[in-house]
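**Q** everything below, folded, please.
(3 chains)
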Amino acid sequence: MLHVVNKSPYERDSLDTCMGYYQEGDAVLLIEDGVYGALAGGKAVSKLAGKDVSVLGPDMAARGISEEKLADGVKVVDYAGFVDLTVAKDKVQSWL
Amino acid sequence: MSQVKKFMYVNRRPPYGTIYAWESLEVVLIGAAFEQDVSLAFVDDGVFQLIKGQDTSGIGMKNFSPTYAALGDYDVTKIYVEKESLDERGLSLDDLQHLTYEDEDEDWAEKDSIQLVSRAELATIFAGQDVLFNF
Amino acid sequence: MKFTIQVNEGPYQHQASDSAYFFTKAALEKGHEIFRVFFYHDGVNNGTRLTTPPQDDRNVVNRWSELAAQHELDMVVCVAAAQRRGIVDDGEAQRNGKDATNIAPGFRISGLGQLVEGGIQSDRLVVFGD
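**A** Just a heads-up that it's a prediction; the model follows:
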């Protein structure tokens, strides 16, 4: 399953909830305000440890977050990569 | 459309403050006619949708909570409520509507629609679905 | 692969419609099929041709209309949600006695069954919302 989170973990609990359902073989994609969850040193980043996490690059760039500000192991994808992730996983759960 | 898919409607929002809960329920009712393998999950604030005794007379909005009790008539019989979400909110199953359906395979015996499941159990149930509807 | 895209929020207030647009475009560019784009909740507001964004901003509605024209996209606005929010085509105007229409090119108004059918017919359902 691909989990898509579009809310900042500092405002809403969707990243937290999402991680409660993460299973082996899943992946998480942070889009829109969700990208703030991948900031290295942020309080929320511990939730991402050991998980397959990607961030949508255009949403990062728009918010002034460069790759070096991301937590270790977090990948950056573009919209084509977003599409590829939805294809690679059997279904998508959008944690709205 | 002969294939049957496992459809799950995931409800994470409370009623009335926004329209998501009500309009999601409309999808469930319409979707019932398509004879898919349907289930509902109530997680996080979604559990507030099922609280019994809702009275909207003071806010000028339609009380749609009785509709949940009719889901059994639409052959929607699998309603998963996450235990952790209830616990975190100081609620128990007794605070929720008692939803039932009549099991045609067992001489129309009345059965509970709501299944209380843990987060870990629900994660496995999510994993077994074909399509997840998020509102 | 066949996709159905669901858009739950209107233009400008939320990024959801923008994200859905870029996802849809990327999927088409990769050769995937978009079975349907379904607009629900406030997402039906993406289907009005009467928006006038400032010239230096993107035109969310026109962008969808143009994508639909290019790729023969099936863009469906939910009828029940549209009635609540005043998105009207000729048929709806006639049925409900309205004196105007506002549906944008490329959009059509239809029932929720179209979303459910999208879930059945597509390999993936991707939902964009608040």
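**Q** now do the SS call for A:Tyr36.
**A** Secondary structure, DSSP: H, G, I helix; E, B strand; the rest coil: A:Tyr36 is helix.
**Q** in chain A, which residue sits nearest chain C?
**A** As assessed by CB to the nearest CB, chain C sits closest to A:Tyr79 within chain A, at 3.8 Å. (Each C-beta comes from the backbone N, C-alpha and C, glycine too.)
**Q** could you find the closest non-adjacent residue to that residue?
**A** Sequence neighbours aside, C:Ala26 is the residue nearest to A:Tyr79 in space, at 3.8 Å (criterion: CB to CB, 6 or more residues apart in numbering or on different chains).
**Q** doesn't A:Val83 make contact with that neighbour?
**A** Yes - contact status for C:Ala26 versus A:Val83: in contact at 4.9 Å, counting by CB atoms under 8 Å.
**Q** who has more neighbours out of those two?
**A** A:Val83 (25 against 17; other CB atoms under 10 Å in any protein chain shown).
**Q** could I have the helix or strand hosting the more buried one exported to PDB, CA atoms only?
**A** Under the criterion of DSSP states H and E, A:Val83 resides in helix A:79-88. The C-alpha trace of helix A:79-88 is given here as PDB (Å, rounded to 0.1, in the frame of the first residue of the first chain):
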ATOM      1  CA  TYR A  79       5.000  13.800 -10.100                       C
ATOM      2  CA  ALA A  80       6.100  11.000 -12.500                       C
ATOM      3  CA  GLY A  81       7.700   9.300  -9.500                       C
ATOM      4  CA  PHE A  82       4.400   9.800  -7.600                       C
ATOM      5  CA  VAL A  83       2.600   8.000 -10.400                       C
ATOM      6  CA  ASP A  84       5.300   5.200 -10.300                       C
ATOM      7  CA  LEU A  85       4.700   4.700  -6.600                       C
ATOM      8  CA  THR A  86       1.000   4.300  -7.100                       C
ATOM      9  CA  VAL A  87       1.700   1.700  -9.700                       C
ATOM     10  CA  ALA A  88       4.400  -0.100  -7.600                       C
END
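**Q** quick one: contacts of it?
**A** The contact list for helix A:79-88 (CB atoms under 8 Å, 6 or more residues apart in numbering or on different chains) reads A:2, A:27, A:29, A:31, A:54, A:56, A:58, A:77, A:92, C:1, C:3, C:22-23, C:25-27, C:29-30, C:32, C:124, C:126.
**Q** re earlier: against chain B, how distant is the residue of chain A closest to chain C?
**A** As defined by CB to the nearest CB, to the nearest Å, A:Tyr79 lies at a distance of 19 Å from chain B.
**Q** residue contacts, the residue nearest to the spatial centre of chain A?
**A** With distances taken as CA atoms, centre = their mean, A:Leu30 lies nearest the centre of chain A, 2.6 Å away. Counting by CB under 8 Å, 6+ apart, A:Leu30 makes contact with A:5-6, A:15, A:37-38, A:53-56, A:59.
**Q** mind redoing it with 6 Å?
**A** Shown in contact with A:Leu30 (CB atoms under 6 Å, 6 or more residues apart in numbering or on different chains): A:5, A:37-38, A:55.
**Q** check C:Glu66 too.
**A** Neighbours of C:Glu66 in contact, by CB under 6 Å, 6+ apart: none.
**Q** please give the element, helix or strand, for it.
**A** helix C:60-71.
**Q** output the following helix or strand past that helix as PDB, nothing but the C-alphas.
**A** Once the chain leaves helix C:60-71, the next helix or strand it forms, by DSSP H and E, is strand C:75-78. Presented in PDB, the C-alpha positions along strand C:75-78 are these (Å, rounded to 0.1, in the frame of the first residue of the first chain):
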ATOM      1  CA  MET C  75     -14.500  14.600 -15.900                       C
ATOM      2  CA  VAL C  76     -17.600  14.000 -13.800                       C
ATOM      3  CA  VAL C  77     -19.000  16.400 -11.300                       C
ATOM      4  CA  CYS C  78     -21.200  14.700  -8.700                       C
END
